[in-house]
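Undergrad: Take a look and give me a structure for this.
(chains A and B)
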Amino acid sequence: MLAKRIIPCLDVKDGRTVKGTNFVGLRDAGDPVELAARYCAEDADELVLLDISATNERRKTLAELVKRVAAEINIPFTVGGGISTADDVGALLDSGADKVSINTSAVKHPEILSEAAKNFGSQCIVLAIDAKLADKAWKVFLNGGRVATDIDALDWAKRGVELGAGEILLTSMNADGTKAGFEIGLTRTISTVVPVPVIASGGAGSLADFSEVFLDGCADAALAASVFHYGQIAIPELKRFLKSNGVEVRI
Amino acid sequence: MRVAIVKYNAGNTVSVSNALQRLGVEPVVTDLPDELQAADKVIFPGVGEASTAMAYLRERGLDKVITSLTQPVLGICLGMQLMCSYSEENETECLGILPYRVRRFESDKLKVPHTGWNRISDLRSQLFEGVAEGAYVYFVHGYYVENGAVTTAATEYGIEFSAGVDSGNFHAIQFHPEKSGEVGSRILENFLKI
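TA: Numbers count the residues shown, from 1 in each chain, chains lettered A, B, ... in the order given. Model (predicted):
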(Lines give C-alpha, C1' and ligand atoms only; values in the text may rest on other atoms or scores of the structure.)
Protein backbone atom coordinates (compact mmCIF):
# COMPACT_ATOMS: atom_id res chain seq x y z
CA MET A 1 0.00 0.00 0.00
CA LEU A 2 1.21 3.46 -0.85
CA ALA A 3 2.41 5.32 2.24
CA LYS A 4 1.33 8.83 3.15
CA ARG A 5 4.28 11.19 2.91
CA ILE A 6 5.68 13.56 5.53
CA ILE A 7 7.46 16.48 3.89
CA PRO A 8 9.50 19.11 5.73
CA CYS A 9 9.68 22.38 3.83
CA LEU A 10 12.64 24.72 3.80
CA ASP A 11 11.65 28.29 2.94
CA VAL A 12 14.96 29.82 1.97
CA LYS A 13 15.83 33.50 1.78
CA ASP A 14 19.36 34.68 0.99
CA GLY A 15 20.78 31.23 1.76
CA ARG A 16 19.11 30.76 5.17
CA THR A 17 15.98 28.86 6.17
CA VAL A 18 13.25 31.21 7.38
CA LYS A 19 9.67 30.85 8.50
CA GLY A 20 6.87 33.33 9.11
CA THR A 21 3.19 33.38 9.93
CA ASN A 22 0.52 33.89 7.26
CA PHE A 23 3.43 34.47 4.86
CA VAL A 24 4.94 37.42 6.85
CA GLY A 25 7.14 38.00 9.93
CA LEU A 26 10.08 35.84 8.91
CA ARG A 27 12.56 34.47 11.43
CA ASP A 28 15.73 32.47 10.98
CA ALA A 29 15.51 28.69 11.24
CA GLY A 30 19.01 27.57 10.29
CA ASP A 31 21.26 26.36 7.50
CA PRO A 32 19.24 24.62 4.76
CA VAL A 33 21.89 21.99 3.97
CA GLU A 34 22.19 20.97 7.63
CA LEU A 35 18.42 20.86 8.04
CA ALA A 36 18.02 18.81 4.88
CA ALA A 37 20.54 16.22 6.08
CA ARG A 38 18.86 16.08 9.49
CA TYR A 39 15.39 15.51 8.04
CA CYS A 40 16.71 12.85 5.68
CA ALA A 41 18.30 11.03 8.63
CA GLU A 42 15.00 11.29 10.52
CA ASP A 43 13.17 9.45 7.69
CA ALA A 44 11.39 12.39 6.12
CA ASP A 45 9.75 11.02 2.95
CA GLU A 46 10.60 13.94 0.74
CA LEU A 47 12.06 17.43 1.01
CA VAL A 48 10.74 20.68 -0.44
CA LEU A 49 12.88 23.79 -0.77
CA LEU A 50 11.15 27.03 -1.70
CA ASP A 51 13.33 30.01 -2.51
CA ILE A 52 11.58 33.18 -1.39
CA SER A 53 14.41 35.65 -1.92
CA ALA A 54 14.13 38.12 -4.72
CA THR A 55 17.62 39.28 -5.66
CA ASN A 56 19.03 39.34 -9.17
CA GLU A 57 21.61 36.76 -8.20
CA ARG A 58 18.87 34.43 -7.00
CA ARG A 59 18.87 31.96 -9.87
CA LYS A 60 22.58 31.21 -9.66
CA THR A 61 22.73 30.96 -5.88
CA LEU A 62 19.63 28.76 -5.87
CA ALA A 63 21.23 26.32 -8.32
CA GLU A 64 24.32 26.15 -6.08
CA LEU A 65 22.22 25.52 -2.99
CA VAL A 66 20.18 22.85 -4.79
CA LYS A 67 23.40 21.07 -5.74
CA ARG A 68 24.65 21.13 -2.16
CA VAL A 69 21.36 19.84 -0.74
CA ALA A 70 20.95 17.17 -3.45
CA ALA A 71 24.42 15.80 -2.69
CA GLU A 72 23.41 15.29 0.95
CA ILE A 73 20.05 13.56 0.69
CA ASN A 74 18.72 10.27 -0.67
CA ILE A 75 15.03 11.12 -0.73
CA PRO A 76 12.96 12.96 -3.36
CA PHE A 77 13.71 16.66 -3.57
CA THR A 78 11.33 19.34 -4.86
CA VAL A 79 12.49 22.90 -5.53
CA GLY A 80 10.39 25.98 -6.17
CA GLY A 81 10.47 29.75 -6.18
CA GLY A 82 10.60 32.19 -9.06
CA ILE A 83 10.56 29.59 -11.84
CA SER A 84 9.35 31.37 -14.96
CA THR A 85 10.40 29.28 -17.96
CA ALA A 86 10.79 25.63 -18.95
CA ASP A 87 14.54 26.35 -19.13
CA ASP A 88 14.49 27.28 -15.44
CA VAL A 89 12.88 23.88 -14.79
CA GLY A 90 15.61 22.11 -16.74
CA ALA A 91 18.36 24.01 -14.90
CA LEU A 92 16.99 22.99 -11.49
CA LEU A 93 16.61 19.35 -12.56
CA ASP A 94 20.21 19.45 -13.80
CA SER A 95 21.26 20.77 -10.39
CA GLY A 96 19.77 17.73 -8.69
CA ALA A 97 16.10 18.59 -8.06
CA ASP A 98 13.71 15.71 -8.76
CA LYS A 99 10.66 17.90 -9.14
CA VAL A 100 10.01 21.58 -9.51
CA SER A 101 7.18 23.52 -7.98
CA ILE A 102 5.64 26.27 -10.11
CA ASN A 103 3.25 28.86 -8.71
CA THR A 104 2.90 32.45 -9.98
CA SER A 105 4.25 31.89 -13.48
CA ALA A 106 1.84 28.99 -14.06
CA VAL A 107 -1.08 31.39 -13.56
CA LYS A 108 0.47 34.10 -15.72
CA HIS A 109 1.72 31.73 -18.43
CA PRO A 110 -0.10 28.38 -18.12
CA GLU A 111 1.81 27.04 -21.13
CA ILE A 112 4.86 26.65 -18.86
CA LEU A 113 3.10 23.63 -17.31
CA SER A 114 2.47 21.91 -20.63
CA GLU A 115 5.88 22.79 -22.01
CA ALA A 116 7.72 21.61 -18.90
CA ALA A 117 5.59 18.44 -18.69
CA LYS A 118 6.31 17.66 -22.34
CA ASN A 119 10.06 18.20 -21.94
CA PHE A 120 10.60 16.63 -18.53
CA GLY A 121 7.48 14.56 -17.75
CA SER A 122 4.45 15.36 -15.59
CA GLN A 123 5.95 13.47 -12.66
CA CYS A 124 8.39 16.30 -12.00
CA ILE A 125 5.95 19.18 -12.37
CA VAL A 126 4.31 20.27 -9.13
CA LEU A 127 1.68 23.00 -9.32
CA ALA A 128 1.83 25.08 -6.14
CA ILE A 129 -1.40 26.84 -5.23
CA ASP A 130 -1.57 29.44 -2.45
CA ALA A 131 -5.27 29.70 -1.58
CA LYS A 132 -7.03 32.16 0.69
CA LEU A 133 -10.64 32.19 1.79
CA ALA A 134 -12.26 35.45 0.66
CA ASP A 135 -16.04 35.97 0.61
CA LYS A 136 -16.64 32.26 1.23
CA ALA A 137 -14.61 31.25 -1.79
CA TRP A 138 -11.06 29.92 -2.03
CA LYS A 139 -9.12 32.20 -4.34
CA VAL A 140 -5.64 31.76 -5.76
CA PHE A 141 -2.98 34.23 -4.58
CA LEU A 142 0.30 34.97 -6.34
CA ASN A 143 3.79 36.33 -5.63
CA GLY A 144 4.15 34.66 -2.24
CA GLY A 145 0.63 35.63 -1.23
CA ARG A 146 0.96 39.33 -2.04
CA VAL A 147 -1.22 39.45 -5.15
CA ALA A 148 -4.89 38.43 -5.16
CA THR A 149 -6.63 36.92 -8.18
CA ASP A 150 -10.23 36.04 -8.91
CA ILE A 151 -9.30 32.46 -9.79
CA ASP A 152 -11.09 29.68 -7.93
CA ALA A 153 -8.57 27.29 -6.34
CA LEU A 154 -10.40 24.08 -7.33
CA ASP A 155 -10.88 25.22 -10.94
CA TRP A 156 -7.21 26.10 -11.16
CA ALA A 157 -6.13 22.76 -9.70
CA LYS A 158 -8.19 20.88 -12.30
CA ARG A 159 -6.92 23.06 -15.12
CA GLY A 160 -3.32 22.72 -13.95
CA VAL A 161 -3.53 18.94 -14.02
CA GLU A 162 -5.04 19.04 -17.54
CA LEU A 163 -2.07 21.17 -18.61
CA GLY A 164 0.44 18.68 -17.24
CA ALA A 165 0.99 19.12 -13.50
CA GLY A 166 1.66 15.73 -11.88
CA GLU A 167 1.09 16.84 -8.33
CA ILE A 168 -0.57 19.71 -6.43
CA LEU A 169 1.07 21.50 -3.50
CA LEU A 170 -1.88 23.17 -1.80
CA THR A 171 -1.19 25.84 0.80
CA SER A 172 -3.93 27.44 2.83
CA MET A 173 -2.76 31.00 3.49
CA ASN A 174 -5.35 31.34 6.25
CA ALA A 175 -3.78 28.44 8.11
CA ASP A 176 -0.11 28.96 7.21
CA GLY A 177 2.14 29.36 10.25
CA THR A 178 -0.82 29.48 12.67
CA LYS A 179 -0.31 25.90 13.97
CA ALA A 180 -4.10 25.71 14.21
CA GLY A 181 -4.41 22.69 11.90
CA PHE A 182 -4.50 22.05 8.17
CA GLU A 183 -7.39 23.33 6.07
CA ILE A 184 -9.31 20.07 5.85
CA GLY A 185 -12.30 21.03 3.70
CA LEU A 186 -10.40 22.54 0.80
CA THR A 187 -7.78 19.78 0.89
CA ARG A 188 -10.43 17.06 0.71
CA THR A 189 -12.33 18.84 -2.05
CA ILE A 190 -9.30 19.17 -4.27
CA SER A 191 -7.75 15.81 -3.41
CA THR A 192 -10.90 13.86 -4.19
CA VAL A 193 -11.45 15.67 -7.49
CA VAL A 194 -8.04 15.88 -9.14
CA PRO A 195 -6.46 12.62 -10.38
CA VAL A 196 -2.95 13.44 -9.09
CA PRO A 197 -1.46 13.45 -5.56
CA VAL A 198 -2.18 16.45 -3.32
CA ILE A 199 0.31 17.73 -0.74
CA ALA A 200 -1.47 19.62 2.05
CA SER A 201 0.41 22.58 3.45
CA GLY A 202 -0.16 25.28 6.04
CA GLY A 203 -1.29 25.09 9.65
CA ALA A 204 0.43 22.00 11.07
CA GLY A 205 0.67 22.38 14.83
CA SER A 206 0.08 19.03 16.48
CA LEU A 207 0.38 15.30 15.78
CA ALA A 208 -3.38 15.07 15.46
CA ASP A 209 -3.39 17.73 12.73
CA PHE A 210 -1.45 15.33 10.52
CA SER A 211 -3.71 12.33 11.09
CA GLU A 212 -6.73 14.55 10.43
CA VAL A 213 -5.41 15.83 7.09
CA PHE A 214 -4.69 12.26 5.94
CA LEU A 215 -7.83 10.57 7.26
CA ASP A 216 -10.38 13.38 6.79
CA GLY A 217 -8.62 15.63 4.30
CA CYS A 218 -7.66 12.74 1.98
CA ALA A 219 -4.22 14.30 1.47
CA ASP A 220 -1.52 12.14 -0.11
CA ALA A 221 1.24 14.02 1.68
CA ALA A 222 1.51 16.66 4.38
CA LEU A 223 4.05 19.44 4.37
CA ALA A 224 5.16 21.49 7.36
CA ALA A 225 7.99 23.81 8.30
CA SER A 226 8.14 25.45 11.70
CA VAL A 227 6.95 22.49 13.79
CA PHE A 228 9.90 20.54 12.41
CA HIS A 229 12.49 23.35 12.30
CA TYR A 230 11.96 24.40 15.91
CA GLY A 231 11.79 20.85 17.23
CA GLN A 232 8.15 20.93 18.31
CA ILE A 233 7.42 17.73 16.38
CA ALA A 234 10.03 15.09 15.60
CA ILE A 235 9.37 13.14 12.40
CA PRO A 236 9.97 9.65 13.92
CA GLU A 237 7.51 10.43 16.72
CA LEU A 238 4.98 11.77 14.21
CA LYS A 239 5.23 8.63 12.09
CA ARG A 240 4.75 6.33 15.06
CA PHE A 241 1.67 8.36 16.04
CA LEU A 242 0.24 8.17 12.53
CA LYS A 243 0.83 4.44 12.28
CA SER A 244 -0.92 3.82 15.59
CA ASN A 245 -3.84 5.87 14.27
CA GLY A 246 -4.25 3.76 11.16
CA VAL A 247 -2.34 5.92 8.68
CA GLU A 248 0.02 3.98 6.40
CA VAL A 249 3.50 5.51 6.75
CA ARG A 250 7.04 4.43 6.00
CA ILE A 251 8.77 3.53 9.25
CA MET B 1 35.50 0.09 -10.83
CA ARG B 2 34.28 1.92 -13.91
CA VAL B 3 30.57 2.70 -13.72
CA ALA B 4 28.92 4.36 -16.71
CA ILE B 5 25.55 6.06 -16.66
CA VAL B 6 23.80 6.21 -20.04
CA LYS B 7 23.40 9.84 -21.06
CA TYR B 8 20.26 10.50 -23.07
CA ASN B 9 17.30 12.85 -23.10
CA ALA B 10 15.38 11.23 -20.24
CA GLY B 11 18.00 10.40 -17.65
CA ASN B 12 17.93 11.71 -14.09
CA THR B 13 21.67 11.37 -14.11
CA VAL B 14 22.39 13.91 -11.35
CA SER B 15 20.50 12.01 -8.66
CA VAL B 16 22.01 8.68 -9.70
CA SER B 17 25.52 10.20 -9.79
CA ASN B 18 25.01 11.71 -6.34
CA ALA B 19 23.87 8.36 -4.96
CA LEU B 20 26.91 6.55 -6.42
CA GLN B 21 29.26 9.22 -5.08
CA ARG B 22 27.83 8.63 -1.62
CA LEU B 23 28.88 5.00 -2.11
CA GLY B 24 32.40 6.11 -3.03
CA VAL B 25 32.09 5.56 -6.80
CA GLU B 26 32.70 8.33 -9.34
CA PRO B 27 30.58 7.39 -12.37
CA VAL B 28 31.04 8.62 -15.92
CA VAL B 29 27.90 9.96 -17.61
CA THR B 30 28.27 9.20 -21.29
CA ASP B 31 26.58 8.46 -24.61
CA LEU B 32 29.79 7.21 -26.25
CA PRO B 33 29.48 3.52 -27.27
CA ASP B 34 33.15 2.82 -26.42
CA GLU B 35 32.80 4.16 -22.89
CA LEU B 36 29.59 2.26 -22.27
CA GLN B 37 31.04 -0.99 -23.60
CA ALA B 38 34.26 -0.61 -21.60
CA ALA B 39 32.53 0.04 -18.27
CA ASP B 40 32.36 -2.65 -15.57
CA LYS B 41 28.78 -1.69 -14.79
CA VAL B 42 26.23 0.32 -16.74
CA ILE B 43 23.27 2.17 -15.29
CA PHE B 44 20.39 3.08 -17.60
CA PRO B 45 18.33 5.61 -15.62
CA GLY B 46 15.25 7.42 -16.77
CA VAL B 47 12.54 9.88 -16.09
CA GLY B 48 10.42 11.04 -18.97
CA GLU B 49 8.40 9.85 -21.91
CA ALA B 50 9.01 6.58 -23.78
CA SER B 51 8.64 7.50 -27.48
CA THR B 52 10.84 10.61 -27.25
CA ALA B 53 13.46 8.66 -25.35
CA MET B 54 13.44 5.72 -27.83
CA ALA B 55 13.68 8.07 -30.83
CA TYR B 56 16.71 9.70 -29.25
CA LEU B 57 18.39 6.36 -28.49
CA ARG B 58 17.79 5.10 -32.07
CA GLU B 59 19.07 8.30 -33.68
CA ARG B 60 22.38 7.85 -31.89
CA GLY B 61 22.59 4.06 -32.27
CA LEU B 62 22.42 3.67 -28.49
CA ASP B 63 19.56 1.15 -28.81
CA LYS B 64 21.96 -1.39 -30.36
CA VAL B 65 24.75 -0.52 -27.94
CA ILE B 66 22.55 -1.08 -24.87
CA THR B 67 21.02 -4.35 -26.07
CA SER B 68 24.47 -5.79 -26.85
CA LEU B 69 26.05 -5.00 -23.47
CA THR B 70 27.37 -8.07 -21.64
CA GLN B 71 28.37 -6.59 -18.27
CA PRO B 72 25.79 -6.03 -15.48
CA VAL B 73 23.27 -3.37 -16.53
CA LEU B 74 20.75 -1.72 -14.20
CA GLY B 75 17.66 -0.11 -15.70
CA ILE B 76 15.82 2.31 -13.45
CA CYS B 77 12.18 3.46 -13.90
CA LEU B 78 11.84 4.55 -17.55
CA GLY B 79 15.10 2.69 -18.17
CA MET B 80 13.37 -0.50 -17.06
CA GLN B 81 10.35 0.21 -19.26
CA LEU B 82 12.53 0.92 -22.30
CA MET B 83 14.21 -2.48 -21.80
CA CYS B 84 10.82 -4.13 -22.42
CA SER B 85 9.42 -5.06 -25.83
CA TYR B 86 6.67 -2.47 -26.11
CA SER B 87 5.16 0.43 -24.16
CA GLU B 88 1.60 1.67 -24.30
CA GLU B 89 3.02 5.14 -23.74
CA ASN B 90 2.55 6.59 -27.22
CA GLU B 91 2.63 3.04 -28.65
CA THR B 92 6.38 2.73 -28.53
CA GLU B 93 8.49 -0.20 -29.72
CA CYS B 94 11.20 -0.53 -27.09
CA LEU B 95 14.53 -2.37 -26.80
CA GLY B 96 13.09 -5.88 -26.41
CA ILE B 97 15.57 -7.08 -23.78
CA LEU B 98 12.74 -8.07 -21.41
CA PRO B 99 9.76 -9.97 -22.83
CA TYR B 100 7.10 -7.67 -21.40
CA ARG B 101 4.65 -5.01 -22.39
CA VAL B 102 4.50 -1.76 -20.45
CA ARG B 103 0.95 -0.83 -19.58
CA ARG B 104 -0.77 2.32 -18.39
CA PHE B 105 -2.36 2.41 -14.94
CA GLU B 106 -6.08 2.54 -15.67
CA SER B 107 -8.17 3.42 -12.67
CA ASP B 108 -10.95 5.74 -11.59
CA LYS B 109 -9.99 5.28 -7.98
CA LEU B 110 -6.21 5.53 -7.99
CA LYS B 111 -4.15 8.60 -8.58
CA VAL B 112 -1.76 8.42 -11.50
CA PRO B 113 1.23 8.71 -11.56
CA HIS B 114 1.84 6.21 -8.78
CA THR B 115 3.87 8.60 -6.62
CA GLY B 116 5.44 7.85 -3.28
CA TRP B 117 6.80 5.13 -1.03
CA ASN B 118 5.42 1.65 -1.55
CA ARG B 119 6.41 -1.84 -0.43
CA ILE B 120 8.31 -4.42 -2.46
CA SER B 121 7.85 -8.14 -1.78
CA ASP B 122 8.65 -11.64 -3.13
CA LEU B 123 12.24 -10.46 -3.47
CA ARG B 124 14.41 -12.79 -5.56
CA SER B 125 17.49 -11.16 -6.95
CA GLN B 126 21.03 -10.47 -5.81
CA LEU B 127 19.96 -6.83 -5.97
CA PHE B 128 17.79 -7.29 -2.89
CA GLU B 129 20.31 -9.06 -0.66
CA GLY B 130 19.89 -7.70 2.86
CA VAL B 131 16.66 -5.89 1.93
CA ALA B 132 13.68 -6.86 4.09
CA GLU B 133 10.49 -8.24 2.55
CA GLY B 134 7.98 -5.39 2.48
CA ALA B 135 10.65 -2.66 2.54
CA TYR B 136 9.54 0.74 1.30
CA VAL B 137 11.05 2.27 -1.83
CA TYR B 138 10.19 5.39 -3.81
CA PHE B 139 8.14 5.15 -7.01
CA VAL B 140 6.98 7.76 -9.47
CA HIS B 141 5.53 6.39 -12.72
CA GLY B 142 2.35 6.34 -14.76
CA TYR B 143 3.08 3.07 -16.61
CA TYR B 144 4.02 -0.31 -15.24
CA VAL B 145 5.59 -3.62 -16.26
CA GLU B 146 3.24 -6.55 -15.75
CA ASN B 147 4.16 -9.46 -13.47
CA GLY B 148 5.83 -12.41 -15.16
CA ALA B 149 8.29 -15.26 -14.95
CA VAL B 150 11.38 -13.07 -14.51
CA THR B 151 9.83 -10.75 -11.93
CA THR B 152 12.21 -10.34 -8.99
CA ALA B 153 10.10 -7.98 -6.85
CA ALA B 154 6.39 -7.29 -6.78
CA THR B 155 4.45 -4.20 -5.75
CA GLU B 156 0.75 -3.57 -5.48
CA TYR B 157 -1.00 -0.39 -6.59
CA GLY B 158 -4.52 -1.30 -7.59
CA ILE B 159 -2.99 -4.30 -9.33
CA GLU B 160 0.18 -6.24 -8.67
CA PHE B 161 3.04 -5.40 -11.02
CA SER B 162 6.79 -5.89 -11.41
CA ALA B 163 8.95 -3.65 -9.25
CA GLY B 164 11.97 -5.63 -10.40
CA VAL B 165 12.88 -7.88 -13.34
CA ASP B 166 16.12 -9.76 -14.10
CA SER B 167 17.16 -11.31 -17.39
CA GLY B 168 20.76 -12.51 -17.64
CA ASN B 169 23.06 -9.56 -17.12
CA PHE B 170 20.15 -7.12 -17.31
CA HIS B 171 18.58 -6.03 -14.03
CA ALA B 172 15.69 -3.62 -13.94
CA ILE B 173 13.77 -1.86 -11.18
CA GLN B 174 10.73 0.36 -11.44
CA PHE B 175 11.43 2.44 -8.33
CA HIS B 176 14.22 4.94 -7.78
CA PRO B 177 16.99 3.43 -5.61
CA GLU B 178 18.78 6.79 -5.70
CA LYS B 179 15.78 8.29 -3.89
CA SER B 180 14.89 5.38 -1.63
CA GLY B 181 16.89 6.19 1.48
CA GLU B 182 19.06 3.50 3.06
CA VAL B 183 17.19 0.67 1.31
CA GLY B 184 17.93 2.25 -2.06
CA SER B 185 21.62 2.72 -1.21
CA ARG B 186 21.81 -0.97 -0.31
CA ILE B 187 20.28 -1.97 -3.65
CA LEU B 188 22.76 0.17 -5.59
CA GLU B 189 25.60 -1.25 -3.51
CA ASN B 190 24.36 -4.78 -4.29
CA PHE B 191 24.32 -3.95 -7.99
CA LEU B 192 27.92 -2.75 -7.83
CA LYS B 193 28.89 -6.14 -6.31
CA ILE B 194 27.28 -8.25 -9.06
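Undergrad: What ranges does the chain have for its strands?
TA: Using chain A here. For chain A, the strands defined by DSSP state E cover A:5-13, A:16-21, A:24-30, A:47-51, A:77-80, A:99-102, A:125-134, A:137-142, A:147-152, A:167-172, A:198-201, A:221-224.
Undergrad: Switch to chain B, please.
TA: Here chain B has its strands, by DSSP E, at B:3-6, B:28-30, B:41-44, B:73-76, B:84-87, B:92-93, B:98-104, B:114-120, B:135-141, B:143-146, B:151-157, B:159-167, B:170-173.
Undergrad: so which of these gets nearest A:Ala200?
TA: Smallest distance to A:Ala200 across the strands of chain B (CB to CB): 14.0 Å, for strand B:114-120. Where C-beta positions appear, they are placed from N, C-alpha and C, glycine not excepted.
Undergrad: among the strands of chain A, which is the most enclosed?
TA: strand A:198-201 (a mean of 29; mean count of other CB atoms under 10 Å in any protein chain shown).
Undergrad: Surely A:Lys239 and A:Ile6 touch.
TA: Yes: applying CB atoms under 8 Å, one finds A:Lys239 in contact with A:Ile6, separated by 6.6 Å.
Undergrad: tell me, what's touching the two both at once?
TA: Each of A:Val249 lies in contact with both A:Lys239 and A:Ile6 under the rule CB atoms under 8 Å, 6 or more residues apart in numbering or on different chains.
Undergrad: Lowest average confidence across the strands of chain A, which one?
TA: By mean pLDDT, the lowest-scoring of the strands of chain A turns out to be strand A:24-30, with a mean of 71.
Undergrad: what residues does chain A put near chain B?
TA: A:1-5, A:40, A:43, A:45, A:70-71, A:74-76, A:93-96, A:98, A:118, A:120-124, A:166-167, A:195-197, A:220-221, A:250 (CB under 8 Å from any CB of the partner chain).
Undergrad: what about A:Gly202, how many neighbours?
TA: Other residues within reach of A:Gly202, judged by other CB atoms under 10 Å in any protein chain shown, total 27.
Undergrad: ok, it - contacts?
TA: Per CB under 8 Å, 6+ apart, neighbours of A:Gly202: A:Thr171, A:Ser172, A:Met173, A:Asn174, A:Ala175, A:Asp176, A:Gly177, A:Phe182, A:Glu183.
Undergrad: Just put those in CSV and tack on distance to A:Ser84.
TA: Listed next are these as CSV, based on distance: CB to CB, whole Å:
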residue, distance to A:Ser84
A:Thr171, 19
A:Ser172, 25
A:Met173, 22
A:Asn174, 27
A:Ala175, 27
A:Asp176, 23
A:Gly177, 26
A:Phe182, 29
A:Glu183, 28
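Undergrad: For stretch B:105-120, which outside residues touch it?
TA: Contacts of stretch B:105-120 (CB under 8 Å, 6+ apart): A:1-5, A:45, A:122-123, A:166-167, A:195-197, A:220-221, A:250, B:104, B:128, B:131, B:134-144, B:153-158, B:163-164, B:175, B:180.
Undergrad: List only buried entries from these.
TA: Buried members of those, counted by 16 or more other CB atoms under 10 Å in any protein chain shown: A:2-5, A:45, A:122-123, A:166-167, A:196-197, A:220-221, A:250, B:128, B:131, B:135-144, B:153-155, B:157, B:163-164, B:175, B:180.
Undergrad: Most neighbours out of the contacts of A:Gly202, which is it?
TA: Most surrounded of these: other CB under 10 Å gives A:Phe182, at 28 neighbours.
Undergrad: any idea how far A:Asp216 is from that one?
TA: 9 Å (CB to CB, to the nearest Å).
Undergrad: Would you mind naming what in chain B lies close to chain A?
TA: B:10, B:12, B:14-15, B:18-19, B:21-22, B:47-49, B:111-119, B:136, B:138, B:140-142, B:156-157, B:176, B:178-182, B:184-185.
Undergrad: Which members of these are classed as buried?
TA: B:10, B:12, B:14-15, B:18-19, B:47-49, B:111-119, B:136, B:138, B:140-142, B:157, B:176, B:178-181, B:184-185.
Undergrad: center of chain A, which residue is that?
TA: By CA atoms, centre = their mean, chain A has its centre lying nearest to A:Leu169, at 4.9 Å.
Undergrad: Verify the contact between A:Ala117 and A:Gly164 for me.
TA: Yes: using CB under 8 Å, A:Ala117 makes contact with A:Gly164 at a distance of 2.7 Å.
Undergrad: for the chain, which spans come out with low pLDDT?
TA: All of this refers to chain A. Along chain A, segments meeting pLDDT under 70 span A:20-26, A:54-58.
Undergrad: Wait, chain B was what I had in mind.
TA: Residue ranges of chain B with pLDDT under 70: none are present.
Undergrad: Go through it and flag its longest helix.
TA: Secondary structure of chain B per DSSP state H: the longest helix is helix B:181-193.
Undergrad: who touches residue 5 in this structure?
TA: This is for chain A. So A:Arg5 contacts A:Asp45, A:Glu46, A:Ile199, A:Asp220, A:Ala221, A:Ala222, B:Gly116, B:Trp117 (CB under 8 Å, 6+ apart).
Undergrad: my question was about chain B
TA: B:Gly11, B:Thr13, B:Val16, B:Ser17, B:Pro27, B:Val28, B:Val29, B:Thr30, B:Val42, B:Ile43, B:Pro45.
Undergrad: By neighbour count, which of those residues wins?
TA: So for those (other CB under 10 Å), the most neighbours sit at B:Ile43, 30 neighbours.
Undergrad: Is it bridged to anything, and to what?
TA: B:Ile5, B:Leu74 (DSSP bridges).
Undergrad: Go ahead and confirm it touches B:Ser15.
TA: No: the pair B:Ile43 / B:Ser15 is not scored as a contact, 11.2 Å apart, by CB under 8 Å.
Undergrad: contacting residues around the residue of the stretch 151-251 of chain A at minimum distance from chain B?
TA: Nearest residue of the stretch 151-251 of chain A to chain B: A:Arg250, at 4.2 Å (CB to the nearest CB). By CB under 8 Å, 6+ apart, A:Arg250 lies in contact with A:Ala3, A:Asp43, A:Asp45, A:Lys239, B:Trp117, B:Tyr136.
Undergrad: one more time with 6 Å
TA: Neighbour list for A:Arg250: A:Ala3, B:Trp117, B:Tyr136 [criterion: CB atoms under 6 Å, 6 or more residues apart in numbering or on different chains].
Undergrad: One more: B:Tyr138?
TA: For B:Tyr138, the contacting residues are A:Pro76, B:Trp117, B:Phe175, B:His176, B:Lys179, B:Ser180, by CB under 6 Å, 6+ apart.
Undergrad: and of the residues you listed, the nearest to A:Val33?
TA: Closest to A:Val33, out of all of those and judged by CB to CB, is A:Pro76, at 16.9 Å.
Undergrad: can you tell me how far the closest one sits from B:Phe170?
TA: 26 Å.
Undergrad: what does A:Gly166 give?
TA: With CB to CB as the criterion, A:Gly166 and B:Phe170 are 28 Å apart.
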